[in-house]
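S.K.: quick one: sequence plus predicted model below, questions after.
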Amino acid sequence: MGTVTDISRAKFSVGELILHQLFNYRGVIIDVDRKFNATDAWYEHMAKSRPPKNKPWYHVLVHDSNITTYVAEQNLKADMSPAPIHHPLLEEYFSKLENGSYVRNEPIN
């Protein structure tokens, strides 16, 4: 199977606003991995709830911070707030907030 087919099974996509259910922060998804794609050492140290490695994981810009996180799908839910995300890297990924999701920047080439 190709990557596009695999990622299409992810519950969320790039640009979507999310809420972390355990740590109660808002964010925006900047990338999707169809399965866990970090080291076992990182998982042992950071993933205390031991979410599944064979399900989607997301790279997220955290609202009102300069932090980027890596989060398992099971810990996320959709953020229904229309409020924008504030993060110093936001403009590197997205051009605007439209209909509750961020729109990706156009490639520069």
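M.R.: That came in fine, so what should we check first?
S.K.: buried residues in the lengthiest helix in the chain?
M.R.: Scanning the chain for the helix with the most residues, using DSSP state H, yields helix 40-46. Neighbour-count burial for helix 40-46, counted by 16 or more other Cβ atoms under 10 Å, picks out Y43. Bear in mind the C-beta positions are built from the backbone N, C-alpha and C, glycine included.
S.K.: now whichever helix or strand comes after it: average pLDDT?
M.R.: Next along the chain after helix 40-46, taking DSSP states H and E as the criterion, comes strand 57-62. Averaged over strand 57-62, pLDDT sits at 98.
S.K.: chain center to the helix or strand following strand 57-62: distance?
M.R.: Next helix or strand after strand 57-62 toward the C-terminus (DSSP H and E): strand 68-72. Strand 68-72 has its C-alpha centroid displaced from the chain centroid by 6 Å (Cα atoms, centre = their mean, to the nearest Å).
S.K.: before we move on, the earlier item: show me what the longest helix of the chain is in contact with.
M.R.: For helix 40-46, contacts defined as Cβ atoms under 8 Å, 6 or more residues apart in numbering pick out F36, K53, Y70.
S.K.: save those as CSV, and put in pLDDT, neighbour count and distance to V62 too.
M.R.: Formatted as CSV, the contacts of helix 40-46 follow (pLDDT from 0 to 100; neighbours: other Cβ atoms under 10 Å; distance: Cβ to Cβ, whole Å):
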residue, pLDDT, neighbour count, distance to V62
F36, 95, 19, 19
K53, 93, 14, 22
Y70, 97, 17, 11
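S.K.: my read is that V32 contacts P56, right?
M.R.: Yes - contact criterion Cβ atoms under 8 Å: V32 and P56 qualify, at 5.9 Å.
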